[in-house]
Each structure stands twice: as structure tokens, then as C-alpha cells.
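*Asks:* quick one, what's the 3D model for this:
(one chain, ligands or ions: 1)
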Amino acid sequence: MAMGYSEKVMDHFQNPRNMGEIENASGVGTVGNAKCGDIMRIYMDIDENQIIRDCKFKTFGCGAAVATSSMATELVIGKSVTEALQVTNKAVMEALDGLPPVKVHCSLLAEESIHAALWDYAQKNNIRIEGLEPPKQDIHEDEAEEEY
Ligand code: FES
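*Replies:* A predicted model of the protein is given here:
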């Protein structure tokens, strides 16, 4: 099974970067994956110049979700909130040298939770982030149950 994973994926899975939470975060986003029921939460610390100072994640998710989130946090730290929108699941997968096709949906958790955290930050500060749409996927308990 592990053969389908790149060395980078294995590295980020075994030594996840930025796992944990940020107290009094500027933005927090939680999303669920309808396919597997896994959950991802992203915390962001954003400074007054809209630069992401820190980003951490927590997950009830599979190895690919851990690896993509770990990489995603590394990619967004130091970026502005608009630049962070370019950290798509594709960009994260590329940075990880790819994912097996059956695991692509896992990388969406990372992208969607980043967007949800940015949205939360924008709402709290009453600002608009160009190109950011409201999170499509929020945690709806009943929807998640229907999928099983
Ligand atoms: Fe659920 Fe990967 S199987 S996120």
C-alpha cells in the first residue's frame, strides 16, 4: 500500500509540521470530507498586514490528509491572505510529488479548511479577501451521517 506514496508524503505523514492549535487564532476553519467522514481544522495567526504569521492543523483524518495539511501549513506561513488562496489542493499535491488517485479527495480537506479559516478571519475583521468564496463545505452532522 505504501508504495503508492511519495517519499515526501511519507515524511510529512510521519513527521507532520505545524500540528496542534493556536490559541486566540485570527481565523479557524473546520471542514469534513463527505466521502470518508474525516475532519480537518486549520488555525491561523494573521498579522495587521494580513500576513499569515503561523498556521497549525488538527485532524481526524487519514495519512494523506495529515501529509497534505502538514504541507499546506508550510506553504501558507509567511504568505499574505490573498497569496494563500493559491495554495490549492493541486499546489499541495505537487509540493508532495503527487498522491495516489484514490487519495486526491483527502487533499481537498486541506484546501477547504484553509479557505474556511481565511473566511472566518475575514468575517471577524469585516474585510473582503479578493477571490475568496464562503466555504462550501461546513460541518453538517446530518449530511455526514447520510454518507455512511
Ligand atoms: Fe478521509 Fe483521506 S480517507 S481524508
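
*Asks:* for the chain, what's the longest helix?
*Replies:* In the chain, with assignment by DSSP state H, the single longest helix is helix 104-125.

*Asks:* how about that helix: buried residues?
*Replies:* Residues of helix 104-125 classed as buried by neighbour count (16 or more other Cβ atoms under 10 Å): 105-122. Where C-beta positions appear, they are placed from N, C-alpha and C, glycine not excepted.

*Asks:* so what's Val66 up against?
*Replies:* Contact partners of Val66, counting by Cβ atoms under 8 Å, 6 or more residues apart in numbering, are His12, Phe13, Pro16, Met19, Thr59.

*Asks:* for those residues, which one is nearest Lys136?
*Replies:* Sorting the contacts of Val66 by distance to Lys136 puts Thr59 at the head of the list, at 18.8 Å, by Cβ to Cβ.

*Asks:* so that closest one, which state does it fall into?
*Replies:* When the structure is split into helix, strand and coil by DSSP: H, G, I helix; E, B strand; the rest coil, Thr59 lands in strand.

*Asks:* surely it touches Cys36?
*Replies:* No: with contacts counted by Cβ atoms under 8 Å, Thr59 stays clear of Cys36, the gap being 11.6 Å.

*Asks:* who's more crowded, those two?
*Replies:* Set side by side, Thr59 and Cys36 show unequal neighbour counts under other Cβ atoms under 10 Å, the larger going to Thr59 at 21 against 16.

*Asks:* out of everything not next to it in sequence, what's closest to that one?
*Replies:* Met40 (4.8 Å; Cβ to Cβ, 6 or more residues apart in numbering).

*Asks:* residues in a beta bridge with that neighbour, which ones?
*Replies:* The residues listed as beta-bridge partners of Met40 by DSSP bridges are Val31, Thr59.

*Asks:* and stretch 21-40, anywhere near the ligand?
*Replies:* Yes: figure legend: stretch 21-40 in contact with the ligand (Cβ under 6 Å from any ligand atom); contacting residues Asn33, Cys36, Asp38.

*Asks:* so Thr82 sits against Gly131, correct?
*Replies:* Yes: the pair Thr82 and Gly131 passes the contact test of Cβ under 8 Å, sitting 6.9 Å apart.

*Asks:* between the two, which one's more packed in?
*Replies:* Legend: neighbour count by other Cβ under 10 Å for Thr82 and Gly131, higher for Thr82 (13 against 8).
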